[in-house]
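Trainee: Sequence unavailable; structure follows:
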């Protein structure tokens with residue numbers, strides 16, 4: 001009888017409950033590799049972008065890989081979801097171009113930005129612990145969410161075009177076409193066509209492949225004498241240098257490099273920066289988690305995401321760790337859906353991707369030799385994917401929704417600031433709701449945001465007057 005009792009006992013679940021999710025180790029490993037390949041472009045893009053702030057490119061590379069691995073491990077082991085995380089696109093652009101290069105903060109700009117990222121991460125840990133993040137998501141109008149995503153898409157596209165020289169600044173017209181005889185322009189456009197074709201044929205890791213192919217073409221252009229290295233004018237070599245190579249470069253120059261002095265003297269400015277990081281990361285993460293979970297049939301019968309608190313905690317802890325190491329906000333990646341398409345259903349997929357981020361660290365000379373023209377196609381194409389959210393924006397209904405969305409979209413690229421787009425879009429929405437007698441539509445969250453932005457505008461006026 002005892003033997004019969006034991007034989008009828010249910011099999012013990014493994015840590016990730018692979019059988020319960022209808023998957024196996026081989027499938028999860030393949031899915032993890034696919035996810036990594038789909039998002040590994042960030043290892044080339046992020047160091048290149050943040051280096052424009054004065055940060056050490058090698059140190060940023062290590063910080064990007066380490067924080068991605070840590071956050072992805074937490075997602076895998078704690079939340080058991082096949083979602084990988086890394087420094088977010090859009091958030092790194094805001095970090096570099098809006099905060100560090102656009103606010104006139106001086107040589108300590110990137111340290112101030114890292115401080116804001118740290119505060120954002122700590123706030124997110126608190127919000128996640130008390131389940132406030134879901135309430136914040138529900139408090140902001142859906143129309144504005146889509147508009148802000150589309151605006152960031154345009155902003156990233158502009159950055160990619162500018163970095164490759166496809167568009168250049170011009171005093172009388174603000175921008176104009178760059179020199180189409182330039183190798184960077186030609187190579188970037190070739191890379192964009194390659195990426196579009198790969199995407200059409202659903203090639204896994206299309207973004208990474210396009211970056212590598214464009215970069216290799218740049219190497220040939222350099223060897224052939226068409227691409228001329230000019231370090232003084234920020235035209236760097238495409239050929240990796242292994243001189244003084246160490247498998248693990250130091251991150252001492254970026255580790256724990258915070259500047260809290262700015263907070264005391266420019267508190268409102270600092271709050272606006274933190275809020276912009278918070279807002280973009282908030283909706284990026286929640287939208288990605290729900291989208292990936294839905295694709296993998298991981299939502300419960302009510303359409304909700306089980307263990308969502310643990311999943312949100314992963315990017316909050318990753319963001320804090322990233323700030324300490326020296327990189328911009330860490331967030332969940334929609335490219336995780338590539339791994340889900342390969343059958344990934346559990347945290348083992350995420351763990352495999354995390355291991356690959358660690359393995360990539362010794363290869364930093366290769367990643368950091370990839371120049372802006374090679375990563376420009378990725379920026380432009382990610383901008384396209386984000387811009388597609390404009391299809392969900394309603395422009396023909398409520399005037400507050402229409403004007404708020406429009407301002408959020410065009411103010412980002414036209415003022416070269418994600419924060420400005422968010423500020424004008426949300427403030428216009430609140431004001432027009434009040435003027436049109438629809439105050440009941442305004443949530444307490446939006447009232448608070450509106451007051452914050454009014455204070456921000458007042459401080460800007462006082463600053464100019466002073």
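Mentor: That came through fine. Note that the structure is a prediction, hence the values are computed from the model and not measured.

Trainee: What are the contacting residues of stretch 205-219?
Mentor: Residues outside stretch 205-219 that contact it (Cβ atoms under 8 Å, 6 or more residues apart in numbering): 34, 37-41, 44, 183, 187-188, 190-192, 194-195, 198-199, 203, 227, 238-239, 335, 338, 369-371, 373-375, 377-378, 381-382. Where C-beta positions appear, they are placed from N, C-alpha and C, glycine not excepted.

Trainee: I'd like to know which of those are buried.
Mentor: Neighbour counting over the contacts of stretch 205-219 (16 or more other Cβ atoms under 10 Å) leaves 34, 37-41, 44, 183, 187-188, 190-192, 194-195, 198, 227, 238, 335, 338, 369-371, 373-375, 377-378, 381-382 as the buried ones.

Trainee: Give me the subset of the contacts of stretch 205-219 that lies in helices.
Mentor: 34, 37-39, 44, 183, 187-188, 190-192, 194-195, 198-199, 338, 373-375, 377-378, 381-382 (DSSP state H).

Trainee: residue ranges with poor pLDDT in the protein?
Mentor: 1-12, 133-139, 280, 283-284, 286-287, 290-291, 294-295, 302-304, 459-460, 462-466 (pLDDT under 70).

Trainee: Check it and tell me which residue is nearest its centre.
Mentor: By Cα atoms, centre = their mean, the chain has its centre lying nearest to residue 88, at 1.6 Å.

Trainee: out of everything not next to it in sequence, what's closest to it?
Mentor: Nearest non-adjacent residue to residue 88, counting by Cβ to Cβ, 6 or more residues apart in numbering: residue 331, 3.8 Å away.

Trainee: Quick one: list the elements packing against the helix or strand harbouring that neighbour.
Mentor: Using DSSP states H and E, residue 331 sits within strand 330-332. If you count contacts as 3 or more Cβ pairs under 8 Å, 6 or more residues apart in numbering; DSSP states H and E, strand 330-332 packs onto helix 57-74, strand 85-87, helix 267-295, helix 308-325.

Trainee: among these, which is the most enclosed?
Mentor: Of all the helices and strands packed on strand 330-332, strand 85-87 has the most neighbours on average by mean count of other Cβ atoms under 10 Å, namely a mean of 32.

Trainee: For it, name the packing helices and strands.
Mentor: With contacts defined as 3+ Cβ pairs under 8 Å, 6+ apart, strand 85-87 has these neighbours: helix 42-51, helix 57-74, helix 308-325, strand 330-332.

Trainee: so what strands line up beside it?
Mentor: strand 330-332 (antiparallel) (DSSP bridges).

Trainee: contacts for the partner strand?
Mentor: Counting by Cβ under 8 Å, 6+ apart, 67-68, 71, 75, 83-88, 91, 281, 284-285, 288-289, 292, 311, 314-315, 318-319, 321-322 sit against strand 330-332.

Trainee: Figure out how far it is from the centre of its chain.
Mentor: Between the centre of strand 330-332 and the centre of its host chain there is 7 Å, according to Cα atoms, centre = their mean, to the nearest Å.

Trainee: Same check on stretch 182-198?
Mentor: The answer for stretch 182-198 is 22 Å, by Cα atoms, centre = their mean.

Trainee: Centre of the chain to stretch 452-460, how far?
Mentor: On the basis of Cα atoms, centre = their mean, stretch 452-460 sits 27 Å off its chain's mean C-alpha point.

Trainee: How about stretch 446-462?
Mentor: Using Cα atoms, centre = their mean, the distance from the centre of stretch 446-462 to the centre of the chain it belongs to is 26 Å.

Trainee: can you check stretch 197-210 too?
Mentor: Averaging C-alpha positions (Cα atoms, centre = their mean) puts stretch 197-210 19 Å from its chain's average.

Trainee: Span of that stretch from start to end?
Mentor: 10 Å (Cα to Cα, to the nearest Å).

Trainee: Tally up the residues packed near residue 258, please.
Mentor: By other Cβ atoms under 10 Å, the residues close to residue 258 number 19.

Trainee: and it, helix, strand or coil?
Mentor: coil (DSSP: H, G, I helix; E, B strand; the rest coil).

Trainee: For it, which non-adjacent residue is closest in space?
Mentor: Using Cβ to Cβ, 6+ apart and skipping residues adjacent in sequence, the residue nearest residue 258 is residue 115, 4.5 Å away.

Trainee: one step back: the helices and strands packed on strand 85-87: which one's closest to residue 352?
Mentor: Closest of the helices and strands packed on strand 85-87 to residue 352 is helix 57-74, at 9.2 Å (criterion: Cβ to Cβ).

Trainee: So which elements touch the closest one?
Mentor: helix 42-51, strand 85-87, helix 308-325, strand 330-332, helix 347-360, helix 364-367.

Trainee: Which other helices and strands does the first one contact?
Mentor: If I follow you right, that is helix 42-51. helix 57-74, strand 85-87, helix 91-93, helix 364-367, helix 372-387.

Trainee: closest one to residue 130 among those?
Mentor: Comparing those by Cβ to Cβ, helix 57-74 comes nearest, at 18.7 Å.

Trainee: residue contacts, the closest residue in space to residue 334 that isn't next to it in sequence?
Mentor: Nearest in space to residue 334, with sequence neighbours left out and distances taken as Cβ to Cβ, 6+ apart, is residue 288 at 4.8 Å. Applying Cβ under 8 Å, 6+ apart to residue 288 gives the contacts 83, 331-334, 336.

Trainee: so which of the helices and strands packed on helix 57-74 comes closest to residue 263?
Mentor: Per Cβ to Cβ, nearest to residue 263 of those: helix 308-325, 14.1 Å.

Trainee: Return the distance of the residue nearest to residue 334 relative to residue 335.
Mentor: 9 Å (Cβ to Cβ, to the nearest Å).

Trainee: ok, now residue 378?
Mentor: For residue 378, the distance to residue 335 (Cβ to Cβ) stands at 11 Å.

Trainee: got it, and residue 430?
Mentor: When residue 430 is compared with residue 335 (using Cβ to Cβ), they lie 34 Å apart.

Trainee: How about residue 77?
Mentor: From residue 77 across to residue 335, the span is 20 Å (Cβ to Cβ).

Trainee: Next: residue 65.
Mentor: Separation of residue 65 from residue 335 (Cβ to Cβ): 16 Å.

Trainee: who's in contact with the residue nearest to residue 258?
Mentor: Contact partners of residue 115, counting by Cβ under 8 Å, 6+ apart, are 258-260, 262-263, 270, 323.

Trainee: try residue 122
Mentor: Counting by Cβ under 8 Å, 6+ apart, residue 122 has contacts residue 320.

Trainee: before we move on, what SS does it have?
Mentor: Three-state call for residue 122 (three-state DSSP): helix.

Trainee: And it, how far from residue 298?
Mentor: Distance, residue 122 to residue 298, by Cβ to Cβ: 28 Å.

Trainee: One more: residue 112?
Mentor: 39 Å.

Trainee: which of these two has more neighbours?
Mentor: Neighbour comparison, residue 112 and residue 298: the larger count goes to residue 112, with 24 against 21 (by other Cβ under 10 Å).

Trainee: The more buried one contacts residue 259, correct?
Mentor: Yes - assessed by Cβ atoms under 8 Å, residue 112 is found in contact with residue 259 at 4.9 Å.
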